[in-house]
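*Asks:* Here you go, sequence then predicted model.
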Amino acid sequence: MRIDVIYGTRPELIKLAVLILELKAVYGNEIRVISTGQHREMLLGLEDWFGIQPDISLDIMKPGQSLGHLSGELLIKLTELYANEKPNWVVVQGDTQTALSGAQAAFFKGIKVAHVEAGLRTFNKFSPFPEELNRQFISKIADLHFCPSETSRKYLLEEKVTAENIFVVGNTVLDALAFSRKKIENDEIFPVQLEPFFRGSKTEMKLILITSHRRENLEGGLIQICNAVLKLAKTNPEVQFVFFLHHNPAVKKTMIELLSNGNSNIMLLPPLSYPEFLAVMNRCHFILTDSGGLQEEAPSFGKPVLLLRDNTERPEGVDAGCVKLIGTAYNSIVNESQELLDSFTSYQKMIVKENPFGSGESSKLIKEWLKGEVAGND
């Protein structure tokens with residue numbers, strides 16, 4: 001019996017790390033870890049943090065690679081991998097090209113697929129792009145669907161997925177958060193660039209965390225986001241705005257051009273290590289982002305999220321009140337952010353007692369379901 005777990009991006013590794021550790025504790029070397037290298041430079045250090053090293057590294061990423069070329073390379077390499085050695089199960093996570101190609105390659109070879117974080121939907125094939133359709137394609141292939149919530153389970157049932165193959169387990173990102181949080185606090189981890197905000201002269205200063213990387217925001221959306229941050233920084237000189245640059249050259253170029261204008265309370269930082277980023281999330285006042293993962297993590301830190309998108313495949317945060325959809329229009333970003341800076345009541349309304357995305361036990365639940373499937377097929 002063998003189970004292959006595939007990841008290629010930083011979010012995939014974060015959301016699969018504890019599951020890999022749980023499975024290895026049961027099956028040992030029968031668990032094969034495959035890294036496609038889709039975000040190779042962003043995985044550096046993260047594998048060490050969780051104590052995970054891939055058994056196979058495909059290293060498929062090339063400079064300037066198109067989405068089509070990336071998808072083709074992934075499918076070819078993974079199909080070739082399974083031509084000689086067929087595992088009993090392939091585990092994929094989320095909605096990336098790695099996840100879709102991993103599921104497709106397994107399907108072509110008659111290998112069963114387990115999908116972690118299944119059933120997320122916006123029902124708009126262009127938002128997020130290409131992730132929304134990737135999820136739907138994987139759902140057509142997968143044999144087991146591990147959903148983060150009842151909402152995602154409902155969507156799969158509406159798509160005629162067999163109920164017996166759907167399991168609501170919560171989101172594995174909270175498992176990684178629980179694994180990491182004690183280590184961060186015990187070791188006093190934080191980015192050196194922000195030391196004054198952690199144990200220096202600016203420990204009382206409000207800090208706003210900002211990220212943007214979605215393809216659909218690369219044009220006008222990102223420009224409006226940057227211009228709104230400029231306005232907020234000018235209006236609130238006592239607040240520090242920290243905008244994290246993305247590895248995507250187009251995103252980085254726009255951010256630098258618009259925000260590197262000498263504003264002392266706007267700081268552009270390169271991507272941080274996972275533990276450093278969690279430390280900033282814990283320190284910040286609120287978050288402006290178009291990220292999927294931050295919607296899930298922020299409630300555990302009691303941090304409101306203003307979501308720079310028009311829709312979300314994670315409605316649980318919006319329903320709970322800890323995430324607010326505000327889009328990318330300049331006035332919306334400025335007004336909603338200023339409301340959280342000025343109004344204690346508005347701010348407190350967005351802090352929840354329990355994270356709506358789970359309890360941090362998802363990987364254990366997935367492990368038990370997979371053990372049952374393996375035992376049933378022996």
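*Replies:* That came through fine. Just so you know, these numbers come straight off a predicted model, no measurement behind them. Numbering: from 1, shown residues only.
*Asks:* From what I see, P304 and C284 are in contact.
*Replies:* No: using CB atoms under 8 Å as the test, P304 is too far from C284 to be in contact (9.8 Å). The C-beta positions use only the backbone N, C-alpha and C, and glycine is treated the same way.
*Asks:* Using PDB, write out every CA atom in stretch 334-341.
*Replies:* C-alpha atoms of stretch 334-341 as PDB (Å, rounded to 0.1, in the frame of the first residue of the first chain):
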ATOM      1  CA  VAL A 334     -10.600  53.900   1.800                       C
ATOM      2  CA  ASN A 335     -14.000  54.100   3.500                       C
ATOM      3  CA  GLU A 336     -14.000  50.600   4.900                       C
ATOM      4  CA  SER A 337     -10.500  50.800   6.200                       C
ATOM      5  CA  GLN A 338     -11.000  54.200   7.800                       C
ATOM      6  CA  GLU A 339     -14.100  52.800   9.500                       C
ATOM      7  CA  LEU A 340     -12.100  50.100  11.200                       C
ATOM      8  CA  LEU A 341      -9.400  52.600  12.200                       C
END
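*Asks:* Would you mind listing the buried residues in that stretch?
*Replies:* Residues of stretch 334-341 classed as buried by neighbour count (16 or more other CB atoms under 10 Å): V334, E336, S337, L340, L341.
*Asks:* tell me which helix or strand of the chain sits lowest on mean pLDDT?
*Replies:* The weakest-scoring helix or strand in the chain, judged by mean pLDDT, DSSP states H and E, is helix 40-43 (a mean of 75).
*Asks:* That helix packs against which elements?
*Replies:* Here helix 40-43 touches helix 10-27, going by 3 or more CB pairs under 8 Å, 6 or more residues apart in numbering; DSSP states H and E.
*Asks:* mind listing what's buried in the helix it packs on?
*Replies:* 10-24, 27.
*Asks:* Alpha carbons of that helix, as CSV, please.
*Replies:* In CSV, the C-alpha atoms belonging to helix 10-27 read as follows (Å, rounded to 0.1, in the frame of the first residue of the first chain):
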residue,chain,number,x,y,z
ARG,A,10,3.5,27.4,-0.5
PRO,A,11,-0.2,27.3,0.5
GLU,A,12,-0.4,23.6,-0.5
LEU,A,13,2.5,22.6,1.7
ILE,A,14,1.2,24.6,4.6
LYS,A,15,-2.2,22.9,4.3
LEU,A,16,-0.7,19.4,3.8
ALA,A,17,2.2,19.5,6.2
VAL,A,18,0.5,18.3,9.4
LEU,A,19,-1.5,15.7,7.3
ILE,A,20,1.9,14.4,5.9
LEU,A,21,3.2,14.1,9.5
GLU,A,22,0.1,12.3,10.7
LEU,A,23,0.2,9.8,7.8
LYS,A,24,3.9,9.2,8.1
ALA,A,25,3.3,8.4,11.8
VAL,A,26,1.0,5.5,10.7
TYR,A,27,2.5,4.4,7.4
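*Asks:* All set, thanks.
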